[in-house]
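Q: Below is the sequence, then the predicted model.
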Amino acid sequence: MANAKIKNVINDFLPDKIFDAHAHLYDKASVVDEAESFTLERYRKELSKIFGDREILANIFPLPTKKVVLAEDDSVLRLTDEFLYRELGKEPSNVGEILVLPNESEESILSRMKTSQICGFKPYHLLNTAEATMQLDVEDYLPESAFSVADKLGKVITLHLVKDQALSDENNLNYIMKMAKKYPNAKLILAHAARGFASWTTVESVDKIKHLDNVWYDLSSICESPAIFQIIKKCGTSRVIWGSDYPVCNIVGKVISIADKFYWIDKNINHEIAKDIELLNVSEENILAVRQASIMLDLTKKDIEDIFYNNAKRLLIDKK
């Protein structure tokens, strides 16, 4: 299909309203000095290229980087908070999640929640001071205090799993089952289809946690259908939400499963077969993957509206 036809396919598939449950906005001062700033105005402009004039609500995160924890004090963390609150203040209909640090106390987390627009917490492996973080156990970067606060206040935690096997890693699975049962009023969102970039990791394991009603799944940046298909097949549509992973969604290319790993194809692809391919960006590839899974699962128009809007609104706003 030519790209113009693909864009029409995407437009016809999407519902009239969108809730982006996974978007990063950040100021260059809180990331690295030479980085660009990604404001709400820029976000709106860039997503309109795909969504047109559709209504879009957003769940906004700061960008979690090493700069936050390598600072001598909490000055960078304060900058991320201040920027988040400025962006949330522009549109009171949006919500956001504050970063949480690996050893942060309940008191500290509560003191940083400055508005009812804060719907939850965003831990991340890079917020651990270790030099290498991709093989960390979840408890090494997600403090139990965040679960305790989320449980008491009915908030969410958006978790990006690490380790090579992601959801299929035994420690990750056991942790999710333990914490979901211990804190039933906290909602755990497993980002990127439980980080199912290597699709087998989700396909082979999501059945083991399908019974956990407080575990949700966002589909952000997943560019192949198997992990999406399996989550919906095993868990239904009611705990599945869509997210852009902005600004990652602007990357030209896609992430694909290869053997037992995954690989990012980008605009620098150099292969004879690919020379005539006009690559899409990650958000377009992601929506096409959701569409493909929806077709194979015979999802209804209402199912698709739930995934792209209703479920996130129910989770992040209606029960805030």
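A: Everything's here; your move.
Q: need the contact list for Leu159.
A: 123, 138, 142, 188-191 (CB atoms under 8 Å, 6 or more residues apart in numbering). No exception for glycine: its C-beta is placed from N, CA and C like everyone else's.
Q: can you tell me which two in those are farthest apart?
A: Spatial extent of the contacts of Leu159 (CB to CB) is set by the pair Val138 and Ile189 at 13.4 Å.
Q: Comparing those two, which residue is more hemmed in?
A: More crowded of Val138 and Ile189, by other CB atoms under 10 Å: Ile189, with 27 against 20.
Q: what residues does the helix or strand containing that one touch?
A: Using DSSP states H and E, Ile189 sits within strand 187-190. With CB under 8 Å, 6+ apart as the test, strand 187-190 has contacts from 21, 120, 150, 154-159, 161, 167, 176, 179-180, 214-218, 241, 315.
Q: Would you mind checking those residues for buried ones?
A: Among those, those classed as buried by 16 or more other CB atoms under 10 Å are 21, 120, 150, 155-159, 161, 167, 176, 179-180, 214-218, 241, 315.
Q: Just to be sure, which of those residues are found in strands?
A: Those of these mapping onto strands are 21, 120, 156-159, 215-218, 241, per DSSP state E.
Q: which residues touch the closest residue to Pro62 other than its chain neighbours?
A: Spatial nearest neighbour of Pro62, chain neighbours left out: Thr80 (3.9 Å); criterion: CB to CB, 6 or more residues apart in numbering. Thr80 makes contact with 26-27, 30, 62-63, 68, 98-99 under the criterion CB under 8 Å, 6+ apart.
Q: circling back: strands paired with the strand holding Ile189, and their directions?
A: Its sheet considered, strand 187-190 pairs with strand 156-159 (parallel), strand 215-218 (parallel) by DSSP bridges.
Q: would you turn those strands into TSV with distance to Leu40 and mean pLDDT?
A: What follows is those, written out as TSV (distance: least, CB to CB, whole Å; pLDDT from 0 to 100):
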stretch	distance to Leu40	mean pLDDT
strand 156-159	19	98
strand 215-218	20	98
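Q: Can you convert these into TSV and add a column each for distance to Thr133?
A: Below are these laid out as TSV (distance: least, CB to CB, whole Å):
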stretch	distance to Thr133
strand 156-159	14
strand 215-218	21
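Q: Enumerate the positions of stretch 284-301 that are buried.
A: Using 16+ other CB under 10 Å as the burial criterion, the residues of stretch 284-301 that qualify are 284-294, 299.
Q: Please apply the same query to stretch 13-27.
A: So for stretch 13-27, counting by 16+ other CB under 10 Å, buried means 13-15, 18-27.
Q: Select from the residues you listed every entry located in strands.
A: Judged by DSSP E, strands contain the following of the buried residues of stretch 13-27: 18-24.
Q: where are the low-confidence patches of the stretch 101-250 of the chain?
A: Residues of the stretch 101-250 of the chain meeting the criterion pLDDT under 70: none.
Q: Let me see the contact set for the closest residue to Ile277 other than its chain neighbours.
A: Distances taken as CB to CB, 6+ apart put Ile269 closest to Ile277, at 7.9 Å, once the chain neighbours are dropped. By CB under 8 Å, 6+ apart, the contact list for Ile269 reads 253, 277, 279.
Q: for Ile269, helix, strand, or coil?
A: The three-state assignment at Ile269 reads coil, by DSSP: H, G, I helix; E, B strand; the rest coil.
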